[in-house]
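Chemist: Provided below are the primary sequence and the corresponding predicted coordinates.
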Amino acid sequence: QTCALPISANSDKSGVRIEKATAAIAELKQQIKTLQEQTAEMDAAQAEATSLRTKEHEEFLKASKDYKDSADAVANAIQVLQEYYSGGSFAQVKEAPELGGAKTDIAETIMSMLEVAESDFTSLLAESEASEKAAQASYDKLTEQNTVTKAANTEEIKGKEAKVKSEETALLVEIGRAHV
């Protein structure tokens, strides 16, 4: 009977070791699965952010071109009108001297409105450029964070996979001992 006790104690120890190794392997595999899911979710979010950022950038390019073109058009109109009103022919002034004051007032009003419009387009351009810069900086920061996190997750997965292999090898050894 004394021989039966050590065999029973050894098989109990082996059973406990096998259970611990099996539980450790299961836990590691679950942790690996969780990390892989997190990485997949992060990749999907990054792809969505990239798509959104691309769309925003395209909209910025169109809007900024429109603002630049509009500001240039208004500036050209101001220049043409300045030349027209400042270089009026003598015949025009002679034909309608009584309208000279009214023409000057209308010209000043038109010029003032055009200058405000030019300023508005220039301001809109500056605002859209600032927004674009901020959006790009935010996207770059997100991309950098995701890259670092993905690299860390990948390394952690590799480490856990190595630990699983080690535990599986130890488990096979223990099972081999239990059957001897």
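Modeler: It's in.

Chemist: Looking at S86 now. What's its pLDDT?
Modeler: S86 carries a pLDDT value of 78.

Chemist: count of residues packed around it?
Modeler: Neighbourhood size, S86 [other Cβ atoms under 10 Å]: 8. (Glycine included, C-beta is placed from N, CA and C.)

Chemist: now it: how far from E129?
Modeler: Separation of S86 from E129 (Cβ to Cβ, to the nearest Å): 34 Å.

Chemist: G15 too?
Modeler: Distance, G15 to E129, by Cβ to Cβ: 70 Å.

Chemist: likewise I157?
Modeler: Taken as Cβ to Cβ, the span from I157 to E129 is 42 Å.

Chemist: and the two? which has more neighbours close in?
Modeler: Using other Cβ under 10 Å, the more surrounded residue of I157 and E129 is I157, with 17 against 14.

Chemist: how close does that one sit to T39?
Modeler: Distance of I157 to T39, computed by Cβ to Cβ: 8 Å.

Chemist: Identify the residues contacting L28.
Modeler: Residues near L28 by Cβ atoms under 8 Å, 6 or more residues apart in numbering: 160, 163-164, 167.

Chemist: Go through the residues you listed and flag which are in strands.
Modeler: Of these, none are assigned to strands by DSSP state E.

Chemist: Show me the shaky parts of this protein.
Modeler: Residues of the chain that meet the criterion pLDDT under 70 lie in 1-10, 88-104, 180.

Chemist: Return the distance of the lengthiest helix in the chain from the chain's centre.
Modeler: Assignment by DSSP state H gives helix 4-86 as the longest helix of the chain. Distance, stretch centre to chain centre, for helix 4-86: 7 Å (Cα atoms, centre = their mean, to the nearest Å).

Chemist: With stretch 161-170 instead?
Modeler: Worked out by Cα atoms, centre = their mean, stretch 161-170 lies 38 Å from the chain centre.

Chemist: Then stretch 166-180?
Modeler: That offset, for stretch 166-180, works out to 49 Å (Cα atoms, centre = their mean).

Chemist: What of stretch 106-124?
Modeler: 37 Å.

Chemist: And that stretch, what's buried?
Modeler: Buried residues in stretch 106-124, defined by neighbour count with 16 or more other Cβ atoms under 10 Å: 107, 114, 117-118, 121-122, 124.
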